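[1] just coords:
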């Protein structure tokens, strides 16, 4: 994998994931996949049988906001508060005022079409199914403008299209529905508080382990051995935290 210290070279590495509550680590899993988002379901499936109760809510950052993860939590009847990758960008003035983003194009539900800034329709042309590395299948709906020839706004519409081609967009309607649910939650005062608390909760665990315990590299090799080492480190973090809490109460 490419590490934070070296983005140019691939190095032998593992991807460790943890869950936490009140800065105590509640579960550890180790993966041989650098993408956190695709490891989420496997992490949850490993951790949930070990917990005393089913989690009522999962709060996570933008890398985890995928259709697969939303579907999984919905199927488990666990409340999700997962940002999606474009959420923070959507809050910017540049995004909100750019009419060329598909999110900002008016949608005509009756005709199943989008209207571009040049008042031309992007009509539905069919759908494709895409399978990710975990085998999860997403359905993408394709829309295309009938004729972009001579459009005076072509240069602003996007520089990735070949000259003379029509503007196309893809919409994952199931994911868009989940994203709308997340927007409504994240924009509330409670949603903002929970997301802010998420940073304090989980990042404190990593900071303590890396900075205070000076644990920055695993010493063993092999998935099972590395997972055992990481679990021991997590237990040490929790015991240290319990000891500090007891010392404060006794003082």
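    Now that the structure is in, tell me what you want to look at. Not measured: the values here are computed from a predicted model.

[2] chain center to stretch 128-147, what's the gap?
    With Cα atoms, centre = their mean, to the nearest Å as the basis, stretch 128-147 stands 19 Å off its chain's centre.

[3] could you do stretch 43-58 as well?
    Per Cα atoms, centre = their mean, the displacement of stretch 43-58 from the mean C-alpha position of its chain is 18 Å.

[4] could you do stretch 87-97 as well?
    18 Å.

[5] what mean pLDDT does that stretch get?
    For stretch 87-97, the per-residue pLDDT values average out at 94.

[6] likewise stretch 157-176?
    Mean predicted confidence for stretch 157-176 is 81.

[7] quick check: end-to-end length of it?
    22 Å (Cα to Cα, to the nearest Å).

[8] use 57 as the first number for this chain going forward.
    Okay, using 57 as the starting number, the last item reads as stretch 213-232.

[9] which elements pack onto the top helix by length along the chain?
    For the chain, the helix that runs over the most residues, judged by DSSP state H, is helix 279-306. Here helix 279-306 touches strand 71-77, strand 80-87, going by 3 or more Cβ pairs under 8 Å, 6 or more residues apart in numbering; DSSP states H and E. To be clear about C-beta, it is placed using only N, CA and C from the backbone, and glycine gets the same treatment.

[10] got the angle between it and strand 80-87?
    Inter-element angle recorded for helix 279-306 and strand 80-87: 170 degrees (by axes from the mean of the first three to the mean of the last three Cα atoms, to 10 degrees).

[11] buried ones in helix 279-306?
    282-283, 285-287, 289-290, 293-294, 297 (16 or more other Cβ atoms under 10 Å).

[12] quick one: which of those is nearest residue 123?
    residue 283 (27.7 Å; Cβ to Cβ).

[13] number of nearby residues for the nearest residue to that closest one once chain neighbours are set aside?
    Once flanking residues are discounted, residue 283 sits nearest to residue 86: 4.2 Å by Cβ to Cβ, 6 or more residues apart in numbering. A total of 21 residues lie near residue 86 under the criterion other Cβ atoms under 10 Å.

[14] likewise residue 164?
    12.

[15] not counting residues beside it along the chain, what's closest to it?
    Closest residue to residue 164 apart from its sequence neighbours, by Cβ to Cβ, 6+ apart: residue 171 at 6.8 Å.
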